[in-house]
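S.K.: Okay, predicted coordinates and the sequence, questions at the end:
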Amino acid sequence: MHYYYKNHLKEYSQENRNAPTKTEWLAWNCILKRDKTWYRFLRQKPVEWFILDFYCAKLKLWIELDGASHEGKGEYDAERDIFLLWLWIKIIRYDDHDILKNLEWVALDIESSIREREKELHLKSSILKDTSPFL
């Protein structure tokens, strides 16, 4: 499914992709590149009037990293979560601290979430039991 977005978000999302935070860089390069998940995750993906940190359309899975930019935005985040859940987009959140201090745990949790989502959507698993790139 293709989601539309507000035009001004395209430029802003490109700026964000070109200047990732440390935790976004780590999550992308160590966990979410296609050769690691076998799925295509997009970075800083505009959806409607929001920008998602990482989004996989096939899984309808959004991974959000909560850092300093989310401080004081609890109400905004809650509204965004409700709207995206209405679109059947599953949300997984990690704190920046988790990425910096527990990257292996985050990778294993994402792998588990991908497997769970495959079952929910009745997709053939793309992660082979004995060849997990996350370990």
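M.R.: In hand now; what should we look at?
S.K.: host element of the closest residue to Arg93 other than its chain neighbours?
M.R.: Spatially, and ignoring its direct neighbours in sequence, Arg93 is nearest to Glu64 (4.8 Å; Cβ to Cβ, 6 or more residues apart in numbering). To be clear about C-beta, it is placed using only N, CA and C from the backbone, and glycine gets the same treatment. Counting by DSSP states H and E, the element that carries Glu64 is strand 61-66.
S.K.: just checking, what packs against that strand?
M.R.: Taking 3 or more Cβ pairs under 8 Å, 6 or more residues apart in numbering; DSSP states H and E as contact, the helices and strands that strand 61-66 lies on are helix 22-27, strand 50-56, strand 90-95, helix 96-101, helix 103-120.
S.K.: related to what we said a few turns ago, OK, contacts around the residue nearest to Arg93?
M.R.: For Glu64, the contact set (Cβ atoms under 8 Å, 6 or more residues apart in numbering) comprises Leu52, Asp53, Phe54, Ile91, Ile92, Arg93, Tyr94.
S.K.: Ala57: how many residues sit nearby?
M.R.: Ala57 is surrounded by 16 other residues when neighbours are defined as other Cβ atoms under 10 Å.
S.K.: my guess is it contacts Arg40, does it?
M.R.: Yes. Because the distance of 7.4 Å satisfies Cβ atoms under 8 Å, Ala57 is recorded as touching Arg40.
S.K.: Phi and psi next, for the closest residue to Arg117 other than its chain neighbours.
M.R.: Here the nearest residue to Arg117 in space, its sequence neighbours aside, is Leu59; by Cβ to Cβ, 6+ apart that works out to 4.7 Å. Backbone dihedrals for Leu59, given as degrees, to the nearest 10, come out at phi -90, psi -10.
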